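> okay, sequence plus prediction incoming.
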Amino acid sequence: GAVVSQHPSRVICKSGTSVKIECRSLDFQATTMFWYRQFPKQSLMLMATSNEGSKATYEQGVEKDKFLINHASLTLSTLTVTSAHPEDSSFYICSALPSVGDQPQHFGDGTRLSIL
Amino acid sequence: GEDVEQSLFLSVREGDSSVINCTYTDSSSTYLYWYKQEPGAGLQLLTYIFSNMDMKQDQRLTVLLNKKDKHLSLRIADTQTGDSAIYFCAERGTGGFKTIFGAGTRLFVKA
């Protein structure tokens, strides 16, 4: 089945550090990938839609300079949380939409980010 | 705009059937999904149904779709403690890339 690999699974770092999270589709190509944020006991909040070879589309209220997204290939999108602060601590999940056919999104296992 | 709603909690006894309900507002929804999220993990696609189907069964899982009422349900037969998780209902329209998710139903299975 379709597999999405997300790394790292957990990050703990100091305030002011920039953190990069990778999302890879392992056995399919994905023109479109999505980045979500999930607070404890809450649903997914779509942050941005990542499009291969073009700029990401950010949802209202999400700072594009804070959350940098790069989708340089059909199998890789990265999210960089720049100058992270404690309020950025959260569970970040990516998903990938297969380029071919009417298929559902497939999710990575998420990255738990803790900023001290 | 599009909206997906589902109840927040469901508690059942081990061995009973669980039924998780979902309603959506987008009449152009073409694909309807059920995802499962275990603690600390991402979302796992359980099953999905196209809008031209009324029912889909896959082992212990049965999905029922009432397109007229925009109501989707997921029935889990013989519920096990390992089924305890959050279940997300989601929908996507034709030609759209964005999938709209419900808030998730937390299923508790009592031994």
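Perfect, thanks for sending it.

> where does the closest residue to residue A:113 other than its chain neighbours land on pLDDT?
Sequence neighbours aside, residue A:11 is the residue nearest to residue A:113 in space, at 5.1 Å (criterion: Cβ to Cβ, 6 or more residues apart in numbering or on different chains). The way it works is simple: take the backbone N, C-alpha and C, and place the C-beta from them, glycine included. pLDDT, residue A:11: 96.

> counting neighbours, what do you get for residue A:11?
19 (other Cβ atoms under 10 Å in any protein chain shown).

> surely it touches residue A:112?
Yes - if you go by Cβ atoms under 8 Å, residue A:11 and residue A:112 touch, sitting 7.3 Å apart.

> tally of neighbours for the residue nearest to residue B:17 when sequence neighbours are not counted?
Sequence neighbours aside, residue B:77 is the residue nearest to residue B:17 in space, at 5.3 Å (criterion: Cβ to Cβ, 6+ apart). Neighbourhood size, residue B:77 [other Cβ under 10 Å]: 13.

> tell me the contacts of residue B:77?
Residue B:77 makes contact with B:17, B:60, B:61, B:62 under the criterion Cβ atoms under 8 Å, 6 or more residues apart in numbering or on different chains.

> now, which of these sits nearest residue A:16?
Residue A:16 lies nearest to residue B:61 out of those, by Cβ to Cβ, at 46.3 Å.
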